[in-house]
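Engineer: the sequence and its predicted three-dimensional model are supplied below.
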Amino acid sequence: MIARMRLQPADIGSGLTGQRVRDRLIDWLRAGSADYEAITDERVLNAIRTVPRHQFVDEALAMRAYENNALPIGHGQTISQPWVVARMTEVLLQQGMPKRVLEIGTGSGYQAAVLAALGVEVFTVERIGDLLRTARKRFRTLGLHVRSKHDDGRIGWPEEAPFDGVIVTAAAASLVDALSTQLAPGGTLIAPVGPSGGQSLLWLRKDAEGAIVQRDLGPVVFVPLLSGMVDA
């Protein structure tokens, strides 16, 4: 069930941001292609259909919001392709709906909004202050409860750990130990890992005894996971 959002006419959209275009995107995600695995979790598809992606990009790019493309959001960052968001969310939910999820890299706020729309308690960390302030406004406008912090994402949010899920939306050269240690037993971590041009999406699960199992979900392209904070 999708959490109730405060949708205004601008959120519902029209023309290239309207329901017909969104439904075409959902049909494409559900069918998949030679390069993209089909998304089969109807909860995820409903969240992608409902959350107004065009409100998470610059107005000049709104008409492209329901294409399967990453789009620039400023500061050298991007909003991920709808398929990537759907795939990471679907994998996160495969072991059951997590109650508390840590997101590293708020960016536009879209991934956090999709998780919140699913009823997940989201904790999101963003190193670029300007992006976080804009994302917070979007969360408030849509009536989504998302807890956010301006901090170095590589540190995570240890005072709120452990989390049932951790989702990382920028690529480090290797898995960040601080993030996997904040994962609860039975929890799942999804993260892109590797250098630019050679990244893989990794799935990691911590069993009840704390042992780690991981697998490679295939190639992806993400911006790098950087240390430190930017106020602007």
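Structural biologist: Nice, I can see it.
Engineer: now tell me what touches the longest strand anywhere in the chain from outside.
Structural biologist: Criterion DSSP state E: the longest strand present in the chain is strand 183-193. The list of residues contacting strand 183-193 from outside it, by C-beta atoms under 8 Å, 6 or more residues apart in numbering, reads 88, 91-92, 94-95, 98, 104, 161-176, 179-180, 199-210, 217, 220, 222. C-betas here are computed from N, CA, C, even on glycine.
Engineer: go on, stretch 166-178?
Structural biologist: Stretch 166-178 is contacted by residues 80, 88-89, 92, 101-105, 107, 111, 115, 153-156, 158, 179-180, 182-183, 187-196, 199, 202, 204, 220, 222-226 when judged by C-beta under 8 Å, 6+ apart.
Engineer: can you flag the buried ones in those?
Structural biologist: Buried members of those, counted by 16 or more other C-beta atoms under 10 Å: 80, 88-89, 92, 101-105, 107, 111, 115, 153-156, 179-180, 182-183, 187-194, 199, 202, 204, 220, 222-223, 225-226.
Engineer: low pLDDT regions in this protein?
Structural biologist: By pLDDT under 70, the low-scoring segments of the chain are 1, 232.
Engineer: helices of that one, residue ranges please.
Structural biologist: 9-12, 19-31, 42-50, 82-93, 110-117, 129-142, 177-180 (DSSP state H).
Engineer: for the first one, C-alpha coordinates in CSV please.
Structural biologist: Taking only C-alpha atoms (Å, rounded to 0.1, in the frame of the first residue of the first chain), the coordinates of helix 9-12 have been written out as CSV:
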residue,chain,number,x,y,z
PRO,A,9,-2.3,19.5,-9.5
ALA,A,10,1.3,20.2,-10.4
ASP,A,11,2.3,16.8,-8.8
ILE,A,12,-0.3,15.0,-10.9
